[in-house]
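1. quick one, what's the 3D model for this:
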Amino acid sequence: SLTDGQIAFYMKAVLDAEVQNPGRGEKFVRRNYPCTETEAFLTGGWCPFPERALDYLERRIERPVVEGEVVGERIEWKRGGRLRIWEKPSEDTSYLLGADVGSGVGASQSAIEIFAYPGYRQVAEWASEWVDSKSFARIIRVIASFFPNCIVAIEINNEGILTNATLESEYPFLYRWKYFSSKQQPPTKRFGWQTTQETKSLMVSHMCTLLAQDPPEIKIRSPQLIAQMRTFQEVGERIFRPAPDCLNDLNMASMIACVCIFLEYARYGLGPVYQEKHVEPDYRAGHIDNWRPGDNLFSPLDTWTLI
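-> Purely as a prediction, here's the structure:
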């Protein structure tokens, strides 16, 4: 526990830093006087996201309703699986899956984040450091098919080109590149999400807008995602990258999903699920009928439920 003198020192440091760095005083102090393991990595820049919003969301973290693994063409439900789901899929909700494709050799993660609209609610997450680009396409397809009419937006930088090309002939709802300047122009014929310095600024700005509301307009349930958001840094004028030795793949996948929700739905004022319904293919074998949030999907002895 801290003494009164230590608390007074910290508060004075925050006030002094705010005078010298208006609007960033608390971030400056967290970087120089870290109180957690995450803050200890904040050495090279500033987190662009509002710290108070991240604190607010972190206090409201929820356990997944169910966890599982993608095995072949189906989902096998088991506790501790890499797939984490927080909400029952609904035919009356629009879903958008953002995917960041890693190298598959342990250097970076391939990550999936699914958000629901309206509400920008995080409903599912998956990540692994050991999956190749084509196998990742199959995993995306199986997970996306669990959520009705889920649009898939894959980052098509580097390894993502192969993942996106594989899905073009296997999954009906791929994100089509949109014009940012005008909502009157039709979508292009290009599939996927291209991350550049310009589009990354758009992604970060949109996420900051969602977080700046009181309370935040976005609902994040994953502690792993919040941890990566905290170590995401602005190191120059609109130049963003993760802190040294920190992962950033869940954060990128979430920003892709949320900005594509804005471009696909929110800026048009569209309600949920405006595209035509499709016949669910056989590879959606992992779907569970009559599933309600809080239901136990493991064993009769397991009492783990939604918090």
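2. the spatially most central residue of the chain: what secondary structure?
-> Relative to the mean C-alpha position of the chain, the nearest C-alpha, by C-alpha atoms, centre = their mean, is the one of Ser254, at 2.3 Å. Using DSSP: H, G, I helix; E, B strand; the rest coil, the structure places Ser254 in helix.
3. thought it was touching Gln224?
-> No: checked against C-beta atoms under 8 Å, the pair Ser254 and Gln224 is beyond contact range at 10.6 Å. From N, CA and C alone the C-beta is placed, and that goes for glycine too.
4. what sits against Phe240?
-> Counting by C-beta atoms under 8 Å, 6 or more residues apart in numbering, Phe240 makes contact with Pro48, Lys200, Ser201, Val204, Phe232, Gln233, Glu234.
5. could you dump those residues to a markdown table with neighbour count and distance to Asp132?
-> Listed next are these as a markdown table, based on neighbours: other C-beta atoms under 10 Å; distance: C-beta to C-beta, whole Å:
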| residue | neighbour count | distance to Asp132 |
| --- | --- | --- |
| Pro48 | 18 | 32 |
| Lys200 | 18 | 25 |
| Ser201 | 16 | 31 |
| Val204 | 19 | 29 |
| Phe232 | 24 | 26 |
| Gln233 | 23 | 29 |
| Glu234 | 17 | 32 |
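6. so which of these are in strands?
-> Secondary structure assignment by DSSP state E places Phe232, Gln233, Glu234 of the contacts of Phe240 in strands.
7. for Ser135, state which of the residues you listed is nearest.
-> Using C-beta to C-beta, Phe232 is the member of those that lies nearest Ser135, at 27.0 Å.
8. measure Arg60 to Trp86 for me?
-> According to C-beta to C-beta, to the nearest Å, Arg60 and Trp86 sit 12 Å apart.
9. please disregard the earlier target; I meant Gln122.
-> Taken as C-beta to C-beta, the spacing of Gln122 relative to Trp86 amounts to 7 Å.
10. need the overlap of contacts for the two.
-> By the contact definition C-beta under 8 Å, 6+ apart, Gln122 and Trp86 are jointly contacted by Arg221.
11. so for these two, which sits in the more crowded spot?
-> Gln122 (24 against 21; other C-beta atoms under 10 Å).
12. which strands and helices sit next to the helix or strand harbouring that one?
-> Applying DSSP states H and E as the criterion places Gln122 in strand 121-128. Helices and strands touching strand 121-128, as assessed by 3 or more C-beta pairs under 8 Å, 6 or more residues apart in numbering; DSSP states H and E, comprise strand 83-85, strand 110-117, helix 133-146, helix 223-230, helix 249-264.
13. next, the angle helix 223-230 makes with it.
-> 90 degrees (axes from the mean of the first three to the mean of the last three C-alpha atoms, to 10 degrees).
14. avg pLDDT for strand 121-128?
-> pLDDT averaged over strand 121-128 equals 98, rounded to a whole number.
15. likewise stretch 264-280?
-> Looking at stretch 264-280 alone, the average pLDDT works out to 57.
16. which residues of the stretch 151-300 of the chain score low on pLDDT?
-> For the stretch 151-300 of the chain, applying pLDDT under 70 flags the ranges 181-185, 268-300.
17. please enumerate the strands of it.
-> Taking DSSP state E, counting those that start in this stretch as the criterion, the stretch 151-300 of the chain carries its strands at 151-154, 232-236, 239-242.
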